[in-house]
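Q: make a model of this:
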Amino acid sequence: MHDASSTSPRRKPRAEATINVQLNFALSALRAWAAAGMTSLREVSREDVLMVLPADGNARAGCGQGLKSIFGVLKGRKTIFVNPIGRLVTGQYQEREPVPQDSAVLREALQSIDPARAAIVALIVYHGVSIGAVRRLLLTDIQDRLLHQDEREIPLAPPVRTRVAAYLDERAITWPATANPHLFINSRSASRDTAVGLRWVQLKIGTDLTASAVRADRILHEAHATRGDTRRLTDLFGLSIKAASRYTNTVDHPGFGELGSVPPER
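A: Take a look at the predicted model:
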């Protein structure tokens, strides 16, 4: 999946995140077969697939999607002779409707005494920066009160500038000799030029929040503030039309009636 294939059947390369998602979907089935004593995926039959597939819902759709991806690659490479899940109907994965986060929890994170935590959460809360983008941010990506990301120039909100400046002060005191070009570093990465890990960023954000949920909260508020302006969402957050529609579809939802008119105090 990663390297693609230029020979028949041709395949385009897949992003690492996509490969990880597909594998995670399939892991429960793979582990079940390994526990049953199977040592090769050539041994898997249609009946074996039916035994490990969840009954319904997203669990079934996700597991089916992951297995189809894996067996599809193996069949294309002629590593297996029969695709045991090829014609099985497992349903479509239904994305959950985005929901707003608890303002009190967000406020607590923004007011954290840990400068790194406050800066990371501020970037996500105010500008919807993804957790991957947070890791990859370079010192040079923030210039002249602008966040330069994916060929976009995003004016930094004053609360974000304040928190990033406080973090940079601590960074300079803690690691004055570091040559790491990334904005966020830790004790491991300070002596190298690598980005911090996903786990480090998530631990900084805290156990009560996830980066994806905070980002979704920001995009959701923007969708309601602009009355479902899809173009605005794609420009601000780098979303595809399909991804933006998840948020614009909630604009007329009765449960979100006041979301755009009275934003939570932060």
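Q: helix or strand for the residue nearest to the spatial centre of the chain, just tell me which one.
A: With distances taken as CA atoms, centre = their mean, the residue of the chain nearest its centroid is Ser212 (5.7 Å). Applying DSSP states H and E as the criterion places Ser212 in helix 211-225.
Q: mean confidence score for that helix?
A: The predicted model assigns helix 211-225 a mean pLDDT of 85.
Q: again with stretch 50-60
A: Averaged over stretch 50-60, pLDDT sits at 86.
Q: same check on stretch 146-163?
A: On average, stretch 146-163 scores 90.
Q: again with stretch 91-109
A: Averaged across stretch 91-109, pLDDT comes to 78.
Q: which residues are contacting it?
A: The contact list for stretch 91-109, computed with CB atoms under 8 Å, 6 or more residues apart in numbering, reads 56-58, 60-62, 64-65, 117-118, 121, 125, 205-206, 208-209, 213-214, 216-217, 219-221, 246-247, 249-250, 253, 256, 259, 264-266. For glycine as for every other residue, the C-beta is placed from the backbone atoms N, C-alpha and C.
Q: let's see 7 Å
A: Stretch 91-109 is contacted by residues 58, 60-62, 65, 117, 121, 125, 205-206, 208-209, 213-214, 216-217, 220, 246-247, 250, 259, 264-266 when judged by CB atoms under 7 Å, 6 or more residues apart in numbering.
Q: show the buried residues in those residues.
A: By neighbour count, with 16 or more other CB atoms under 10 Å, these hold 58, 60-62, 65, 117, 121, 125, 205-206, 209, 213-214, 216-217, 220, 246-247, 250, 259 as buried.
Q: what's the domain layout of this protein?
A: Here the domain parsing of the chain from automatic domain parsing is 1-94, 103-256.
Q: how about the strands in the stretch 1-150 of the chain?
A: With DSSP state E, counting those that start in this stretch as the criterion, the stretch 1-150 of the chain has strands at 142-143, 146-149.
Q: can I get these in CSV including distance to Leu198 and mean neighbour count?
A: Formatted as CSV, the strands of the stretch 1-150 of the chain follow (distance: least, CB to CB, whole Å; neighbours: other CB atoms under 10 Å):
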stretch, distance to Leu198, mean neighbour count
strand 142-143, 21, 16
strand 146-149, 18, 17
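Q: how many residues are close by the closest residue to Arg77 other than its chain neighbours?
A: Computed as CB to CB, 6 or more residues apart in numbering, the closest residue to Arg77 that is not its neighbour in sequence is Ser5, at 7.8 Å. Ser5 has 14 neighbouring residues, counting by other CB atoms under 10 Å.
Q: Pro13 is in contact with Ser5, correct?
A: No - the pair Ser5 and Pro13 fails to qualify as a contact (CB atoms under 7 Å) at a distance of 9.1 Å.
Q: among the domains of the chain, which is the most enclosed?
A: Across the domains of the chain, averaging neighbours per residue (mean count of other CB atoms under 10 Å) puts domain 103-256 on top, at a mean of 17.
Q: bridge partners for the residue nearest to Arg77, pull those for me.
A: Taking DSSP bridges as the rule, Ser5 bridges to Arg11.
Q: for it, give its distance to Lys78.
A: 12 Å (CB to CB, to the nearest Å).
Q: what pLDDT does Gly255 get?
A: 57.
Q: what do you get for the one 3 residues further on?
A: Model confidence at Glu258, given as pLDDT, is 50.
Q: got it, and Glu265?
A: Note for Glu265: predicted pLDDT of 46.
Q: next, the distance between the ends of stretch 10-18.
A: End-to-end distance for stretch 10-18, by CA to CA, to the nearest Å: 18 Å.
Q: Pro159 reaches Ala122, doesn't it?
A: Yes - with contact defined as CB under 7 Å, Pro159 reaches Ala122; the gap is 6.0 Å.
Q: restricted to helices, list the contacts of stretch 91-109.
A: Within the contacts of stretch 91-109, residues falling in helices by DSSP state H are 58, 60-62, 65, 117, 121, 125, 205, 213-214, 216-217, 220, 246-247.
Q: good, we can wrap up now.
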